[in-house]
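**Q** Need a 3D model of the sequence below.
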Amino acid sequence: MVAALARTVHRHVDVDGVRVFYRESVPVRADAPVLLLLHGFPSASHQFRRLIDALGTHYRLIAPDYPGFGHTETPSDFVYTFDHLADVVEGVVERLGLTRFVMYVFDFGAPVGFRLATRHPEWIAGLVVQNGNAYQQGLSSGARDFIALTPDTPGSEDAIRGLLTLPGTRGQYEGGTSVPELIAPDGWTLDQHFLDLPGRKEAQIALAFDYHTNVERYPQWQAWLRDHTPPALITWGRNDPFFPEAGAHAYLADLPDAELHIFDTGHFALEEKLPEIAPLIADFLDRTSAAMT
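**A** Numbers count the residues shown, from 1 in each chain. Next up is the predicted model:
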């Protein structure tokens, strides 16, 4: 017997001159719980295709591409900062009429998502955190060195560009995995296609130099977690070279009731552990759905 797969629509919405591409599942119930999927670096909404297939029949999953990523089309004068990415995603949420949802934050999705949460706490019914860091404990020494780069640091741009090559992109998917053969090449191949488009590497360099603004906001985001105590499901690949396992446990200081699951995989945990993680997300959405009404 074949399990029902979700229908997914692919659309664009205009936000202040940015033509934002997004994927949206079509659940069987019009009032299905909403999960906003915020992708990471150097990926886009395609990283959630399998999750949308698995859960989109029963839940409304929405995954936008940020400016500078995926299929989103950005004006040539767009300024790439994390504040500006959050502005655009905020506009997407407003244009889609979303008023209450669970938010999935992964990698870059954490700084984008926590900006949304502090601006609109009334929107957030719960959090699914997957290798999305908000704590000093969750920064590896390599991540700290990378974040410390500035435009005036000798060789800084070359160091960033080294991550934007095919070996660098592939390594982010396969690094830390327990069974590399489970990692399909489609993700990192498509990511590299987008990275190689005109202007995309320059966008990533600008965001890399802006990353320090996220670390500076960690105390603000932690205070938001303590003050609002959203229900939270934390899933984490323990072998992430950027955001080590300590970053997952750090959330428990501010969200002691959070549900925590650590997996023996790397940064892109869904690539290897989707069969284990998807049921956890479904159960979490069922338990938090009452808060979305």
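
**Q** so where do the strands sit in this protein?
**A** In chain order, the chain shows strands spanning 7-15, 18-26, 34-38, 60-64, 101-105, 124-130, 232-237, 259-263, with DSSP state E as the criterion.

**Q** Tell me how many other residues crowd residue 90.
**A** Residue 90 is flanked by 17 other residues according to other Cβ atoms under 10 Å. For the C-beta atoms, the positions are set from N, CA and C on the backbone; glycine is no exception.

**Q** So what's the residue count around the nearest residue to it once chain neighbours are set aside?
**A** Spatial nearest neighbour of residue 90, excluding adjacent residues (Cβ to Cβ, 6 or more residues apart in numbering): residue 116 at 5.9 Å. Residue 116 sits with 20 neighbouring residues when counted by other Cβ under 10 Å.

**Q** So for residue 116, what's the pLDDT?
**A** pLDDT for residue 116: 98.

**Q** any chance you could map the helices in the chain?
**A** Counting by DSSP state H, residue ranges of the helices within the chain are 49-55, 82-95, 109-119, 141-147, 156-163, 166-174, 186-195, 200-210, 212-216, 218-228, 246-254, 269-288.

**Q** Of the ones you listed, which is nearest residue 74?
**A** helix 200-210 (7.8 Å; Cβ to Cβ).

**Q** So which bits of the closest one are buried?
**A** Neighbour counts over helix 200-210 (16 or more other Cβ atoms under 10 Å) mark 200, 201, 203, 204, 205, 206, 207, 208, 209, 210 as buried.

**Q** okay but the residue nearest to residue 90 is in contact with residue 101, surely?
**A** No - between residue 116 and residue 101 there is no contact under Cβ atoms under 8 Å: 10.1 Å.

**Q** how many other residues sit next to the spatially closest residue to residue 263 that is not a sequence neighbour?
**A** Among residues not flanking residue 263 along the chain, residue 273 sits closest, at 4.7 Å (Cβ to Cβ, 6+ apart). Using other Cβ under 10 Å, residue 273 has 22 neighbouring residues.
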